[in-house]
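J.: sequence and predicted structure, then a few things I'm wondering about:
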Amino acid sequence: MDAEEFRSAGHALIDWIADHRAAVDERPVLAPIDPHDVQRSFPTAPPAAPIEFNELLDLLEGRVVPGLTEVQHPMHFGWFPSNASLSSVLGDITSSGLGQLGISWESSPAITEVEEVMCDWLRQLVGLSDRWSGTIHDTASTACFVGLLVARERASALEQNRGGLQNLGKPLVVYTTDHAHSSVAKAALLAGYGWDNIRVVDSDPVTRAMLPDALAAEIANDQANDRTPAAVVASVGSTGTTAIDPVDEIATVLEAATSGGTSSGEASSREASRRAPIWLHVDAAMAGSAMLLPECRHLWKGVERSDSISWNPHKWMGTILDCSLFYVRDVDELQSVMSTNPSYLQSVNDGEVTQYRDWGIPLGRRFRSLKLWFQLELEGVEAIQARLRRDLANAAWLAEQVEAEDGWEVVAPVSLQTVCVRHRPTHVTRAGDTAADDTPMTAAEAEDHTLRWVRAINDSGRAYLTPSKLDDAWMVRISIGVEATERHHVEALWNLMKESVIE
């Protein structure tokens, strides 16, 4: 394809994308297909000859679109907002079109320096001090993994440069709660900590936030049993209920746990690592966007006392996937773990410029920062803030409706834009009954009822919700925050929810 063919195809593709997005609310939210339908729509052998681009667009429409769950649909309330603002889509297209190679500053100075600027802009916008330096990862899962790798090496005095984990005389321990994202446990496992060394700290039965006293007790127990506390992952906006762990109090617990000071020069590196500060990673993947609002920043009070932070503009803020910010206070410590410096990447500029290859796992990097830049420039921060405030107001409105309706309850605090609900009918009709009675539902019937009504909504294609377990029982999460979702969409969802529970 030459430049002119690309120009023609590009115009056609942009028109197709614009038409698709403009009509997104006319399609079912959940893909109405069976497993393998998309796969079966493709030939079993690859094409031998080229086709015209318009033919390819027809195939795209016929083969791929039916298999899309429309997460940009205004009636999508599942998982978390995964907005892809069209302004950031333009940045993503530009990134691909420029075809830059980000393996070092020299390979594309602009990739590095625009990323530095964007990370600093976002640092300022969420109220972090200039002690923080940032980079862009693909997801918060990767950011957490990197954080736990650095925590591992802090706790072991850079044992990776010697015998590694196999050389340690005692295990390293990671602390989190059962409300943390599944990626936290996955990161700890991949980083070599092992299931036996992941502590699930008790959380408050109402707020679902980590209990600092319980954390202190877990750490003290591990220290007394010759285990090394290495890291705590605090959730600011957990996936299930948007629970907010008390970062400031957690930081105080960690300082107290290592307040014995540093070891003497004669002490071994292992003795020194016992007193190494415990790494505190703040996972604010979805909720980090809320920190664009000054009135929400109290939710991560104490964040300046943590060691690393991750949050995803590619969620609620609206920058298209993949764009996850990862901030650290000590870049030298990060680089001491992540840096490799092969001869073919060395240059005269080393020491004067940022080499992002030494800040994470991949060597090659895309020009992800263009997505952020385009969105910020084309939308402006005030418009993004107004949208976030709209979503918070819509969540508060829905929670009020649920609480006021007989048989419905909000089962977790509404700290941001996620409303967690259950329905319990006041009258139950069972198989064989001629009329409803007042006998309460059994636990099994309640579970069945919850999954049945949410499935009915999802199967209808009119909206999408995700059920989740809370206290070992099913509830339904309503995550409000799609760019196109207005109050009338939330009102329509509430009416649909009430209709769906009528048997």
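T.: Received it, and whenever you're ready, just let me know what you need. Here the structure is a predicted model, which means the values were calculated and not measured. Numbers count the residues shown, from 1 in each chain.

J.: quick one, helices of the stretch 1-150 of the chain?
T.: Along the stretch 1-150 of the chain, counting by DSSP state H, counting those that start in this stretch, helices occupy 3-22, 37-40, 53-59, 86-98, 109-125, 140-155.

J.: strand partners of the helix or strand just after the last one, parallel vs antiparallel please.
T.: Tracing the chain C-terminally past helix 140-155 and defining elements by DSSP states H and E, one meets strand 172-176 next. Using DSSP bridges, strand 172-176 pairs in its sheet with strand 198-200 (parallel), strand 228-235 (parallel).

J.: out of those strands, flag the one nearest residue 442.
T.: Nearest of the strands paired with strand 172-176 to residue 442, taken as Cβ to Cβ: strand 198-200 at 28.5 Å. Heads up, the C-betas are built off the backbone N, CA and C, glycines and all.

J.: neighbouring contacts of that closest one?
T.: Here strand 198-200 makes contact (Cβ atoms under 8 Å, 6 or more residues apart in numbering) with 173, 174, 175, 176, 177, 178, 185, 188, 189, 218, 222.

J.: contact partners for the residue nearest the centre of the chain?
T.: Nearest to the geometric centre of the chain sits residue 285, at 3.6 Å (Cα atoms, centre = their mean). Contacts for residue 285 (Cβ under 8 Å, 6+ apart) come out as 80, 140, 181, 237, 310, 311, 312, 315, 324.

J.: quick check: the first one touching residue 288?
T.: No - taking Cβ atoms under 8 Å as the definition, residue 80 is not a contact partner of residue 288, at 11.5 Å.

J.: okay, those two: which has more neighbours?
T.: Neighbour comparison, residue 80 and residue 288: the larger count goes to residue 288, with 28 against 22 (by other Cβ atoms under 10 Å).

J.: tell me how far that one lies from residue 95.
T.: 22 Å (Cβ to Cβ, to the nearest Å).

J.: now do the SS call for residue 421.
T.: Assigned by DSSP: H, G, I helix; E, B strand; the rest coil, the conformation of residue 421 is strand.

J.: that one: how many residues sit nearby?
T.: By other Cβ under 10 Å, the burial measure for residue 421, its neighbour count, is 22.

J.: so it sits against residue 470, correct?
T.: No - counting by Cβ under 8 Å, residue 421 stays clear of residue 470, with 10.4 Å between them.

J.: okay, and the common contacts of the two?
T.: residue 411.

J.: I'd like the distance between the nearest residue to residue 126 once chain neighbours are set aside and residue 315.
T.: Spatially, and ignoring its direct neighbours in sequence, residue 126 is nearest to residue 291 (3.8 Å; Cβ to Cβ, 6 or more residues apart in numbering). In this view, residue 291 and residue 315 are 13 Å apart by Cβ to Cβ.

J.: next one: residue 475
T.: Residue 475 is 21 Å from residue 315, by Cβ to Cβ.

J.: next: residue 383.
T.: Noted for residue 383: a distance of 17 Å to residue 315, by Cβ to Cβ.

J.: out of those two, which sits in the busier spot?
T.: Comparing residue 383 with residue 315 by other Cβ under 10 Å, the one with more neighbours is residue 315, at 25 against 12.

J.: surely that one is in contact with residue 81?
T.: Yes - at 5.5 Å, residue 315 and residue 81 qualify as touching, with contact defined as Cβ under 8 Å.

J.: which neighbours do those two have in common?
T.: 286, 481.

J.: biggest helix in the chain by residues?
T.: Determined from DSSP state H, the single longest helix within the chain is helix 381-404.

J.: and for residue 490, the neighbour number?
T.: So residue 490, with other Cβ under 10 Å, has 23 neighbours.

J.: could I get the contacting residues of it?
T.: With contact set as Cβ under 8 Å, 6+ apart, residue 490 has these partners: 394, 397, 398, 480.

J.: out of those residues, who's nearest residue 500?
T.: Distances from residue 500 to the contacts of residue 490, taken by Cβ to Cβ, are shortest for residue 398, at 15.0 Å.

J.: so, low pLDDT: which residues of the stretch 101-250 of the chain?
T.: Counting by pLDDT under 70, the stretch 101-250 of the chain contains no low-confidence range.

J.: how is the chain carved up into domains?
T.: The chain is divided into the following domains under automatic domain parsing: 1-68, 143-279+300-311, 382-500.

J.: of all the ones you listed, which one comes closest to residue 366?
T.: With Cβ to Cβ, the closest approach to residue 366 among those belongs to domain 143-279+300-311: 15.9 Å.
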